[in-house]
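Enquirer: can't give you the sequence, but here's the structure:
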């Protein structure tokens, strides 16, 4: 079973016994598959890396490939791009990227919440009573969507580190114009 927190648990089905907890990068794990011989487990998630695990011991065997080699636009801090990875599972940065589990973020700053065409918002977000600015986005990630916009579909994501939050806001300002 993969988790939003980045861990994977391996269970023995016959006895319902937990065999191993595999600790990943702390970002959501979206896929897991056993090798045909059952000896290895491959996992992938939001950090865009595939990991291989020894299914018998629960130990990592190693990643397949390295960090994403995506080119960042000029002036974009890589620190903000790393913080952004947790958001990339649900949001694209451009309108061309389309809506995903959440709406695309193109034109985020200055936009009223609940206003991206073609996205089915929860009733709370559809009210559109917040305009996204650095301050309102910072509030969302400081207090959490469960506090700022209760009743929404957005999972609780908080950015507690002030340097990470500043880097994320800088990244969003640079990439969502």
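Expert: Sure thing, it's come through. None of the values given here were measured: they were computed from a predicted structure.
Enquirer: List the residues that contact residue 97.
Expert: Residue 97 makes contact with 104, 106, according to C-beta atoms under 8 Å, 6 or more residues apart in numbering. No exception for glycine: its C-beta is placed from N, CA and C like everyone else's.
Enquirer: Quickly find the element holding it.
Expert: Following DSSP states H and E, one finds residue 97 outside all helices and strands.
Enquirer: any idea how far it is from residue 79?
Expert: To residue 79, residue 97 is 22 Å away according to C-beta to C-beta, to the nearest Å.
Enquirer: Got phi/psi on residue 124?
Expert: Residue 124 has phi and psi values of phi -60, psi -50 when expressed as degrees, to the nearest 10.
Enquirer: Which helix or which strand is home to residue 171?
Expert: Element membership for residue 171, per DSSP H and E: helix 162-175.
Enquirer: quick one: buried residues of that helix?
Expert: For helix 162-175, a neighbour-count test (16 or more other C-beta atoms under 10 Å) marks 164-172, 174-175 as buried.
Enquirer: Using a markdown table, please lay out the residues you listed together with distance to residue 39 and pLDDT.
Expert: A markdown table is the format used below for those (distance: C-beta to C-beta, whole Å; pLDDT from 0 to 100):
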| residue | distance to residue 39 | pLDDT |
| --- | --- | --- |
| 164 | 38 | 93 |
| 165 | 42 | 96 |
| 166 | 44 | 96 |
| 167 | 40 | 95 |
| 168 | 39 | 95 |
| 169 | 44 | 97 |
| 170 | 44 | 95 |
| 171 | 40 | 94 |
| 172 | 42 | 96 |
| 174 | 44 | 92 |
| 175 | 41 | 93 |
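Enquirer: Tell me the one among those nearest to residue 15.
Expert: When these are ranked by distance to residue 15 (C-beta to C-beta), residue 164 comes first, at 41.2 Å.
Enquirer: Please list all residues in contact with the nearest residue to the closest one once chain neighbours are set aside.
Expert: Spatial nearest neighbour of residue 164, excluding adjacent residues (C-beta to C-beta, 6 or more residues apart in numbering): residue 83 at 4.9 Å. By C-beta under 8 Å, 6+ apart, the contact set of residue 83 is 159, 164-165, 167-168, 171.
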